[in-house]
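Engineer: Okay, here's the prediction I keep looking at, along with the sequence it came from:
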Amino acid sequence: MSIKERQDIQEVNIKAEQLNFLMQTMHAHHKDFDTFQLNALLGMAYDLAGAVYSWTEEEEKIVLANEDEKRRVI
């Protein structure tokens with residue numbers, strides 16, 4: 001088994017920034033949104049959080065696999 005290449009962190013940083021901006025907007029203007037708008041915004045927040053979580057899960061698998069490979073080589 002070979003060492004796996006780590007993921008590009010730029011994509012997850014962009015998603016995290018988008019999530020942060022969305023949450024700030026929701027916090028600042030939550031009284032201005034109707035139920036449907038708020039539900040749509042929450043859906044977007046869950047999608048962004050899911051993307052960040054998926055990225056971190058995959059990155060953890062890569063790191064653990066690389067550590068296992070390094071131990072086998074030694």
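Structural biologist: Thanks, I have the structure now.

Engineer: Show me how far stretch 37-45 is from its chain's centre.
Structural biologist: 17 Å (CA atoms, centre = their mean, to the nearest Å).

Engineer: Then stretch 64-74?
Structural biologist: Worked out by CA atoms, centre = their mean, stretch 64-74 lies 26 Å from the chain centre.

Engineer: for stretch 60-69, same thing?
Structural biologist: On CA atoms, centre = their mean, the centre of stretch 60-69 falls 19 Å from that of its chain.

Engineer: quick one: the helices in the chain?
Structural biologist: For the chain, the helices defined by DSSP state H occupy 9-29, 35-73.

Engineer: These into TSV, with extra columns for distance to Ser2?
Structural biologist: Heads up, the C-betas are built off the backbone N, CA and C, glycines and all. TSV is the format used below for the helices of the chain (distance: least, CB to CB, whole Å):
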stretch	distance to Ser2
helix 9-29	21
helix 35-73	7
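
Engineer: Tabulate those in JSON lines, adding columns for mean pLDDT and mean neighbour count.
Structural biologist: Shown next, in JSON lines, are the helices of the chain (pLDDT from 0 to 100; neighbours: other CB atoms under 10 Å):
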{"stretch": "helix 9-29", "mean pLDDT": "95", "mean neighbour count": "13"}
{"stretch": "helix 35-73", "mean pLDDT": "94", "mean neighbour count": "12"}
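
Engineer: Looking at the ones you listed, which is nearest to Ile3?
Structural biologist: Judged by CB to CB, the one of those that comes nearest to Ile3 is helix 35-73, at 5.2 Å.
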